[in-house]
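> Need a 3D model of the sequence below.
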Amino acid sequence: MSDTVAERPQGGGADERPGFGARIALFYRQVVAELRKVIWPTRRELITYTWVVIVFVAVIATIVGIFDYGFGRLVLAVFG
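Purely as a prediction, here's the structure:
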C-alpha cells in the first residue's frame, strides 16, 4: 500500500456552493432578467384579450349549462 492520501475529485464539492443569501440574490437577478425579455401587451391588446377570455368562458359556461340541464331532464325521465 502507498502512504499517499487519495486525491479528492475536482469540482462540485459542497464547500464550493454559494451561501443562501447569494443564491437568493442570483435567483432575484435571473427573475428580473427574464421579466425584461417579456414583450408586455399594450393596453388595447390587454383589453382585447380580456374580452376574448370573458366571452369564451361565457360561451363554455352556457354550453355546459345546457348539457347539464339536458342530462338532468334525461335522468329524471329515465329514473323518475
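> Remind me what the least confident helix or strand in the chain by mean pLDDT packs against, helices and strands.
Between all helices and strands in the chain, the lowest mean by mean pLDDT, DSSP states H and E belongs to helix 20-37, at a mean of 95. Judged by 3 or more C-beta pairs under 8 Å, 6 or more residues apart in numbering; DSSP states H and E, helix 20-37 is in contact with no other helix or strand. Where C-beta positions appear, they are placed from N, C-alpha and C, glycine not excepted.
> Residues in contact with it: which ones?
Helix 20-37 is contacted from outside by Pro18, using C-beta atoms under 8 Å, 6 or more residues apart in numbering.
> Quick check: next helix or strand after that helix?
helix 43-79 (DSSP states H and E).
> before we move on, the earlier item: send the alpha carbons of the least confident helix or strand of the chain over as PDB?
Extracted C-alpha coordinates of helix 20-37, given in PDB (Å, rounded to 0.1, in the frame of the first residue of the first chain):
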ATOM      1  CA  PHE A  20     -28.100  31.100   1.000                       C
ATOM      2  CA  GLY A  21     -28.100  34.900   0.500                       C
ATOM      3  CA  ALA A  22     -26.000  34.700  -2.600                       C
ATOM      4  CA  ARG A  23     -28.400  32.100  -4.100                       C
ATOM      5  CA  ILE A  24     -31.400  34.200  -3.300                       C
ATOM      6  CA  ALA A  25     -29.800  37.300  -4.900                       C
ATOM      7  CA  LEU A  26     -28.900  35.200  -8.000                       C
ATOM      8  CA  PHE A  27     -32.500  34.000  -8.300                       C
ATOM      9  CA  TYR A  28     -33.800  37.600  -8.000                       C
ATOM     10  CA  ARG A  29     -31.400  38.800 -10.700                       C
ATOM     11  CA  GLN A  30     -32.400  36.000 -13.000                       C
ATOM     12  CA  VAL A  31     -36.100  36.700 -12.500                       C
ATOM     13  CA  VAL A  32     -35.600  40.400 -13.300                       C
ATOM     14  CA  ALA A  33     -33.600  39.500 -16.400                       C
ATOM     15  CA  GLU A  34     -36.300  37.200 -17.600                       C
ATOM     16  CA  LEU A  35     -39.000  39.800 -17.000                       C
ATOM     17  CA  ARG A  36     -37.100  42.300 -19.100                       C
ATOM     18  CA  LYS A  37     -37.300  39.800 -22.000                       C
END
